[in-house]
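Visitor: My questions are about this predicted structure, shown below with the sequence.
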Amino acid sequence: MVVDMVSLRAVLTGTTLIALTACGGGGSNSSSPPPSAASGPPSGIELQVVSFGDSLSDEGTYAPIAAPFGGGKFTTNPGKIWLDDVAAYYGSGQSPAYTIDYTQKLSYQGGMAYAEGGATVNTPANQSSFLYDVIGDVEMPVTQQVSSYLSHHGSFSPGELVFVWAGSNDVLRAGPIATGGPIVEQAATILAQTIAKIIANGAVHVVVIGVPNVGISPKGRTSSDGGATYTQESQLFNSTLNQELQTLGIAGDVIQIDSYTWLTNLVANYKANGFTVSNTAQACDPNKTPDDTALLCSTATYIISNADDVYMFADDLHLSTHTNRLFASYVEQQIAATGLGH
């Protein structure tokens, strides 16, 4: 049965307290993503990966309260997300910059993964009810993530590979196109300005990933218009972001990754890529997974034992382990094509 939120909070608090006591304290025309170029860092090129964004890149901000359920990241846990593989490819590990505790407070941990589930580009966390009973209002928008990085590190280094992937939550929360369109455009404009700030503060290698086609996610498919608004606003976000990067004169200073086209092609060719279920269902059983979120998904809540490998989506929005692995390969190839890899 689904765990109600009052019970979930009680379990989260109690289980975490026990644990603490025990411890003493762009675009692709290819219809199928290519295999990974290499299993280790390319010869002579090792870069420290730094990441900003939302749940698609979250390396475990909420793991301390999700781990008792077998969860930790927004995927089919205990699987990796795309960023794990990409960081390994470039010879660096990834750990969250901040983690939450059972009192729903963030504390700085020193990691280079600043992305946090629920984050928008610039909207404060208290403007949304995203997993409120589980995490509260703690997630930092990307603008704050970047400011936090700079407060701790002063500037970016030429030896860093900086990823920025945000905007999906802005699309999800924007509403009908008539009123939501300007909201999406403003978010994309602010993201471009934030990327300019990253570059102005010393970043040399910056990778900007566009918003995926939110409309073809399971959530999009079951929305009242079948995802049409989400799709339109995903396109609007990406086109605005591209235009603003050009206006700011930094389009040539970043590597752009077209996740919109990549995901659309993957759904259209899901069987050829090893899936049996595309965007029509989710790997994490909604009747077993607390709050029906990938964050709290585990092997015990899979629809079938190998759901992480044969389903494209973990829940109604987030990618399964297999999909994350394919996206990592695509990202590695796109970056390597610029000379940062092989």
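Guide: Arrived safely, thanks for sending. Residues are numbered from 1 along each chain as shown.
Visitor: Run through this protein and note the low-pLDDT ranges.
Guide: Judged by pLDDT under 70, the chain has its weakly predicted residues at 1-44, 342.
Visitor: quick one, strands of it?
Guide: Taking DSSP state E to define them, one finds strands in the chain at 48-53, 98-100, 106-108, 160-165, 205-209, 254-257.
Visitor: Mind putting those into a markdown table with distance to Tyr230 and mean neighbour count?
Guide: Yep, even glycine has a C-beta here, placed from its N, CA and C like the rest. A markdown table is the format used below for the strands of the chain (distance: least, CB to CB, whole Å; neighbours: other CB atoms under 10 Å):
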| stretch | distance to Tyr230 | mean neighbour count |
| --- | --- | --- |
| strand 48-53 | 18 | 25 |
| strand 98-100 | 28 | 22 |
| strand 106-108 | 29 | 14 |
| strand 160-165 | 17 | 25 |
| strand 205-209 | 17 | 23 |
| strand 254-257 | 20 | 19 |
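Visitor: Can you tell me which of these is nearest to Ile65?
Guide: The closest of the strands of the chain to Ile65 is strand 98-100. By CB to CB, the value is 6.0 Å.
Visitor: Paired strands for the closest one, with orientation please.
Guide: Strand 98-100 has its sheet partners listed here by DSSP bridges as strand 106-108 (antiparallel).
Visitor: about what we covered before: quick one: closest of the strands of the chain to Tyr89.
Guide: Closest among the strands of the chain, using CB to CB: strand 48-53, at 9.1 Å.
Visitor: That closest one versus strand 160-165: what angle between them?
Guide: Here strand 48-53 runs at an angle of 20 degrees relative to strand 160-165 (axes from the mean of the first three to the mean of the last three CA atoms, to 10 degrees).
Visitor: What lies in contact with strand 48-53?
Guide: 57, 59, 83, 86-87, 90, 92, 94, 112-115, 119, 142, 145-146, 149, 156-157, 159-166, 209 (CB atoms under 8 Å, 6 or more residues apart in numbering).
Visitor: again, 7 Å this time
Guide: With contacts defined as CB atoms under 7 Å, 6 or more residues apart in numbering, strand 48-53 is touched by 57, 83, 86-87, 90, 92, 94, 112-115, 119, 142, 145-146, 159-166.
Visitor: now those: which count as buried?
Guide: Buried residues within the contacts of strand 48-53, counting neighbours by 16 or more other CB atoms under 10 Å: 57, 83, 86-87, 90, 92, 94, 112-115, 119, 142, 145-146, 160-166.
Visitor: returning to what we had before: could you export the strands of the chain as a markdown table, including distance to Phe69?
Guide: As requested, these are arranged in a markdown table below (distance: least, CB to CB, whole Å):
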| stretch | distance to Phe69 |
| --- | --- |
| strand 48-53 | 23 |
| strand 98-100 | 14 |
| strand 106-108 | 20 |
| strand 160-165 | 25 |
| strand 205-209 | 28 |
| strand 254-257 | 31 |
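Visitor: that older thread, now, the contacts of strand 48-53 that are in helices?
Guide: In helices, judged by DSSP state H, the following of the contacts of strand 48-53 are found: Leu83, Val86, Ala87, Val142, Gln145, Val146.
Visitor: For the nearest residue to the fifth one once chain neighbours are set aside, give me phi and psi.
Guide: Closest residue in space to Gln145, ignoring its immediate chain neighbours: Tyr114 at 4.1 Å, by CB to CB, 6 or more residues apart in numbering. In this entry, Tyr114 is assigned phi and psi values of phi -90, psi -10 (degrees, to the nearest 10).
Visitor: Next, the contact list for Tyr114, please.
Guide: Here Tyr114 is in contact with Ser51, Phe52, Ala97, Gln145, Ser148, Tyr149 (criterion: CB under 7 Å, 6+ apart).
Visitor: go again using 6 Å as the cut-off
Guide: Tyr114 sits next to Phe52, Ala97, Gln145, Tyr149 when contact means CB atoms under 6 Å, 6 or more residues apart in numbering.
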